[in-house]
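J.: After the sequence you'll find the predicted model.
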Amino acid sequence: MNSALPPPGDIESGPDAGTFRLTGAWTTAHLERLRLRLERSPWPAAGAVRLQAGALEALDTGGAWLLQGLLGELRGRGLQPRLDGLRGEFTALLELVRERLGESVPAAPPPREGTLAWLGREAWRRAEEGLALLAFFGETVVALGRNLLHPGRIRRHALLESLQSAGVNALPILALLSFLIGVVIAYQGGVQLKTYGANIFIVELVTITMLRELAPLMAAIIVAGRTGSAFTAQIGTMQVTEEIDALRTIGIAPMDLLVLPKLFGLVLALPLLTVFADAFGVLGGMTMATLMLDVSFGDFLDRVPQAVSATSFLIGVGKAPVFAAIIALVGCYQGFRVSGGADSVGRQTTKSVVQSIFLVIIADAVFSILYSWLGI
Amino acid sequence: METLLEIEELACGYGAEPVVDGLNLHLHEGGIGCLLGPSGCGKTTVLRAIAGLEPLRGGRIALEGRTLASAADGLPPDRRRVGLVFQDYALFPHLTAAENVAFGLKGLPRRARRDNAAGLLDLVGLAGLGERYPHELSGGQQQRVAVARALAPAPRLLLLDEPFSNLDVELRERLGQDIRTALKSRGIAALFVTHDQQEAFLLGERVGVMHRGRLLQWDTPYQLYHEPADRFVADFIGEGRFLAGRLRAPDVVETELGAIRGNVAYAWPRGARVELLLRPDDLVPDPESPVRGMVTARAFRGAETLYSLRLPSGTELLMLAPSRQDFAVGATVGLRAVVDHFIAFRDAG
């Protein structure tokens, strides 16, 4: 077996005028060198050119392309090139390259992405988003610290405005929905209780579920839908109209003006809304108890102190500030994520609502685990 | 005059994409500069980088010798003494014009803020309109409020992003003059960006042409028009077409229109293939001339008419001719080149 590699390709001007010898390997690895050699070869000004390829030891597509180009170039200069002594298989390759020379190969479509790659990218994107939210949370805490050190810097007007829009304006819808939830619980539970004649236990059912779980959750969900989305839309629109950048250039920190008053406002408003929801939820349950279970308002209210402890009430109200912080932060964060045009505002608003409700429910679950662990 | 703004080797980008690369620029105190380029060339990014709204990938920005930003860090936007006027004004819609202006005046007693805001509104020609809300003002008036607001914190440099793009032509010129007067009276330098060369020449004392994130030439409008340093600049500024030819002597180009002699000598080898820039006023109709072109389109401009001509080789040229001599579309016209400013670029091909 002859393992020696052929020498790099070359061209030498032959013994006679207009005769050239092609030697060695005309392969892609030597293309650049060959191109230079061809440029510097003493091509005659006119007449026939004989290219003797008997000593050509290797030829690949690159070499064939160069050789084909050389023949074309020489013809273009009005010379008559002739290629002699080329081996059979090389001639076939040269022919193939000549045929395909003008063809352009369409770029192969990018390979379809596998499920694993998609999963990885999505996971990475989520992780990045989570990190960015955490970074925003950190920035807010820093701004919060700054503001608490200088309480004069807190924007009172903006704070009152967010209390009004997030708190007061939400009262009617929250009252109605809490009342209906109270009615539904009392009705569904009452049917079961009636079977056993345990009608009076409707008080425990309604008050504990409302005070501990449903009132804070209802209030949080309504506030996320009403106010969290409004935060995103407001900040997002200001982002689109470059008002945020304008604030920065005139030296007003968007955090101080836009985020902190909203955060303070919501943290104050949501516990109050929760108490309000407690009252209307219990009222709904009471109404149903009177109509269906013959438990009068008086009997119901008498039993409440025995049925439910102050701890349950405080647990429910105590969750509200945490929910409020989640909603305000997610709402503002998604607003700052708006980039480009108005359609982005809509997209981020949807994201803001979904994400804040999701995180509120996660937080609620964490609270449940925490409370059962603490035994309260 | 003292140099105010210095930008050295500025580089910015989004993701893997470089938006601005290797940009150098100097602006002297009280000067008005302009960055001109097609949309997407990176000019707004330069402004945002100077204002501190865009991080730098490389290079340095300095104002009055004080470094504002480098790749490592930067001053916060409000400590740069740079004002920015946004393309869509970005006024605060729930504040009146005077409140918008006063928003940028911090640490002053209420009274001083009000007087100061009124003074600034007066400066931009809006005296007495301070109580109006932005939606009660016209586009031009909103733009004036935006300028007054940017001037409120007493910046050394005012940046304007496409300041006239939303205004009609007449308003544009008046507003341009008013802004120039306001800037000059306070000794504030300005840098603005636009894609419209009329605007650039209206206000800019120095104009830079940007293309694909690079500053190709930073020069006076006259120099840009008559001595462009780059083929893109020559093509982008003013009207004109390129005519292929070969260099016969350092100052003579042999073209389809015959040998054209110019006022500049080029050091390229003889016989080099060049492209010669022909402005519409470099061509005159000449019935005697052996070279003829066919009129393919015409645009009446009052005293003059701009003709598009096709030479026998297929090359398109523009010719500005007095409208008294009227040529119809499809007519053939004898042509002669009278080139005052000789601008040739070596053909890459």
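T.: Done, it's in. Owing to the predicted nature of the structure, the values given are computational and were not obtained by experimental measurement. Numbering: from 1, shown residues only, chains lettered A, B, ... in the order given.
J.: Going by C-alpha atoms from here, please, whenever you check contacts or count neighbours.
T.: Fine.
J.: gap between the strand or helix carrying residue B:225 and the chain center?
T.: Assigned by DSSP states H and E, residue B:225 belongs to helix B:221-226. Computed by CA atoms, centre = their mean, to the nearest Å, the separation of helix B:221-226 from the middle of its chain amounts to 11 Å.
J.: How about stretch A:11-26?
T.: 63 Å.
J.: and the end-to-end length of that stretch?
T.: 10 Å (CA to CA, to the nearest Å).
J.: Same check on stretch A:233-247?
T.: End residues of stretch A:233-247 are separated by 17 Å (CA to CA).
J.: And stretch A:39-54, by the same measure?
T.: Stretch A:39-54 end-to-end distance (CA to CA) = 21 Å.
J.: before we move on, what about stretch B:285-305?
T.: 12 Å.
J.: hang on, the earlier thing: contacts for the helix holding residue B:225?
T.: The set of residues external to helix B:221-226 that reach it, using CA atoms under 8 Å, 6 or more residues apart in numbering or on different chains, is B:201, B:204, B:205, B:206, B:207, B:217, B:233, B:234, B:237, B:238, B:341, B:343.
J.: packing partners for whichever helix or strand comes after that helix?
T.: As assigned by DSSP H and E, the chain's next helix or strand after helix B:221-226 is helix B:231-236. Under the contact definition 3 or more CA pairs under 8 Å, 6 or more residues apart in numbering or on different chains; DSSP states H and E, helix B:231-236 sits against helix B:221-226.
J.: What is the burial count for the closest residue to residue B:122 other than its chain neighbours?
T.: Residue nearest to residue B:122 in three dimensions, not counting chain neighbours: residue B:128, with 8.0 Å by CA to CA, 6 or more residues apart in numbering or on different chains. Residue B:128 has 11 neighbouring residues, counting by other CA atoms under 10 Å in any protein chain shown.
J.: secondary structure class for residue B:128?
T.: coil (DSSP: H, G, I helix; E, B strand; the rest coil).
J.: picking up where we left off before, which of the contacts of helix B:221-226 sits closest to residue A:54?
T.: Minimum distance to residue A:54 across those is 53.8 Å, recorded for residue B:343 (CA to CA).
J.: give the contact list for the closest one.
T.: Applying CA under 8 Å, 6+ apart, the residues contacting residue B:343 are B:226, B:227, B:228, B:264, B:276, B:277.
J.: The same query, at a cut-off of 6 Å, please.
T.: B:276, B:277 (CA atoms under 6 Å, 6 or more residues apart in numbering or on different chains).
J.: try residue A:120
T.: With contact set as CA under 6 Å, 6+ apart, residue A:120 has no partners.
J.: my read is it is in a helix, agree?
T.: Yes: checked against three-state DSSP, residue A:120 lies within a helix.
J.: now it: how far from chain B?
T.: According to CA to the nearest CA, to the nearest Å, residue A:120 and chain B sit 20 Å apart.
J.: Pull up the distance across stretch A:107-116, start to finish.
T.: 25 Å.
J.: mean confidence for it?
T.: Averaged over stretch A:107-116, pLDDT sits at 80.
J.: from the chain's centre, how far out does that stretch sit?
T.: 21 Å.
J.: Next, the contact list for residue 7, please.
T.: Defaulting to chain A. Residue A:7 makes contacts with residue A:24, as judged by CA under 6 Å, 6+ apart.
J.: You answered for a different chain; I wanted chain B.
T.: B:24, B:25, B:60, B:61.
J.: That one looks like it's in a strand, true?
T.: Yes: secondary structure assignment places residue B:7 in a strand (three-state DSSP).
J.: And for the residue in chain B positioned nearest to chain A, nearest residue in space, chain neighbours not counted?
T.: Going by CA to the nearest CA, chain A is nearest to residue B:78 of chain B, at 4.3 Å. Closest residue in space to residue B:78, ignoring its immediate chain neighbours: residue A:251 at 4.3 Å, by CA to CA, 6+ apart.
J.: Compute the number of surrounding residues for residue 118.
T.: Since you didn't name a chain, this refers to chain A. Neighbours around residue A:118, by other CA under 10 Å: 11.
J.: Chain B, not that one
T.: 22.
J.: Three-state assignment for it, please.
T.: helix.
J.: pLDDT score for the residue in the stretch 51-200 of chain A that chain B sits nearest to?
T.: Closest to chain B within the stretch 51-200 of chain A is residue A:153: 11.9 Å, counting by CA to the nearest CA. At residue A:153, the model reports a pLDDT of 73.
J.: For residue A:146, see how far away it is.
T.: Residue A:153 is 9 Å from residue A:146, by CA to CA.
J.: can you check residue B:216 too?
T.: From residue B:216 across to residue A:146, the span is 46 Å (CA to CA).
J.: Skipping its backbone neighbours, what lies nearest the residue of the stretch 51-200 of chain A closest to chain B in space?
T.: residue A:147 (6.0 Å).
J.: Could I get the phi/psi values of that neighbour?
T.: phi -70, psi -30 (degrees, to the nearest 10).
J.: Check the offset of the helix or strand where residue A:71 lies from the chain's centre.
T.: Here residue A:71 is covered by helix A:61-76, with elements defined by DSSP H and E. Taking CA atoms, centre = their mean, the mean C-alpha location of helix A:61-76 is offset from the chain mean by 52 Å.
J.: Contacts made by it with the rest, please.
T.: By CA under 6 Å, 6+ apart, helix A:61-76 touches A:26, A:27, A:28, A:94.
J.: How about stretch B:317-328?
T.: B:241, B:280, B:281, B:283, B:303, B:304, B:305, B:306, B:307, B:308, B:309.
J.: how close does the second one get to residue A:113?
T.: Taking CA to CA as the measure, residue B:280 and residue A:113 are separated by 54 Å.
J.: same question, the fifth one
T.: As defined by CA to CA, residue B:303 lies at a distance of 63 Å from residue A:113.
J.: Can you list the low-confidence ranges for the stretch 201-350 of chain A?
T.: Scanning the stretch 201-350 of chain A for pLDDT under 70 picks out nothing.
J.: Checking the residue in it positioned nearest to chain B next. Helix, strand or coil?
T.: Residue nearest to chain B within the stretch 201-350 of chain A (CA to the nearest CA): residue A:251, separated by 4.3 Å. With three-state DSSP as the basis, the three-state label of residue A:251 is coil.
J.: Test my guess that it contacts residue B:80.
T.: No: with contacts counted by CA atoms under 6 Å, residue A:251 stays clear of residue B:80, the gap being 9.9 Å.
J.: For the residue nearest to residue B:122, grab phi and psi.
T.: Backbone torsions of residue B:128, given as degrees, to the nearest 10, read phi 90, psi 0.
J.: Please report the distance of the residue nearest to residue B:78 from residue A:203.
T.: Distance from residue A:251 to residue A:203, by CA to CA: 56 Å.
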